[in-house]
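Enquirer: Pasted the sequence and its predicted model underneath.
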Amino acid sequence: MLQTSPQLDATFAALADPTRRAILARLAQGEAPVGELAKPFDMSLPAISKHLKVLERAGLVSRGREAQWRPVRLEAGPLKEAAGWIERYRKFWEQSFDRLDSYLQRLQAEAAKSKSAIKPSSKERKRGSGK
């Protein structure tokens, strides 16, 4: 059965955009005003504000007010839920890779047995060459 969470959906939707991921990466270093967040991007402040609104609706950032300064802060809580969801699939892939590794080792062992069964001994090679 498909389990869904509106918070998880909003988090992944917000993370789908590389600009928003870059903003979050910057905010992981500490809070910053919108103008500073906009500097690395070739886009207007209103465009950055739209990205911030998406992140804010997803609960990934919050905006503060300190006199004239309005810092944007990372809110990492929703990322924890997303990381937990991804973690289940990491375990799945690790188990799949472990099974694949076991299968490949078994194939290599069988191939080694086949080669040794087919490979003539040194005495048989000498007999076959007329020596």
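Expert: Thanks, I have it.

Enquirer: what about the chain, any weak spots by pLDDT?
Expert: Where the chain drops to pLDDT under 70, the residues are 1-3, 118-131.

Enquirer: Show me the helices in it, by range?
Expert: Using DSSP state H, the helices of the chain run over 6-15, 18-27, 34-38, 45-57, 77-118, 122-128.

Enquirer: Need the nearest residue in space to Ser49, chain neighbours excluded.
Expert: Leaving out its chain neighbours, the residue that sits closest to Ser49 by C-beta to C-beta, 6 or more residues apart in numbering is Val34, at 6.5 Å. For glycine as for every other residue, the C-beta is placed from the backbone atoms N, C-alpha and C.

Enquirer: Check Trp69 too.
Expert: Trp69 sits nearest to Pro33 (C-beta to C-beta, 6+ apart), 6.2 Å away.

Enquirer: neighbours around that neighbour, how many?
Expert: Applying other C-beta atoms under 10 Å, we find 13 residues neighbouring Pro33.

Enquirer: how near is it to Arg21?
Expert: Separation of Pro33 from Arg21 (C-beta to C-beta, to the nearest Å): 19 Å.

Enquirer: And Gly30, by the same measure?
Expert: Taking C-beta to C-beta, one finds Gly30 at 17 Å from Arg21.

Enquirer: cool, Ala32 as well?
Expert: The gap separating Ala32 from Arg21 is 15 Å, by C-beta to C-beta.

Enquirer: and if you look at Ala10?
Expert: Taken as C-beta to C-beta, the span from Ala10 to Arg21 is 15 Å.

Enquirer: same deal with Glu56?
Expert: Separation of Glu56 from Arg21 (C-beta to C-beta): 15 Å.

Enquirer: For those two, indicate the residue with more neighbours.
Expert: Between Glu56 and Arg21, Glu56 has the larger neighbour count (other C-beta under 10 Å), namely 16 against 13.

Enquirer: Count the residues that sit near Leu55.
Expert: 26.

Enquirer: tell me the contacts of the residue nearest to Ser49?
Expert: By C-beta atoms under 8 Å, 6 or more residues apart in numbering, the contact set of Val34 is 45, 48-49, 52, 70, 72.
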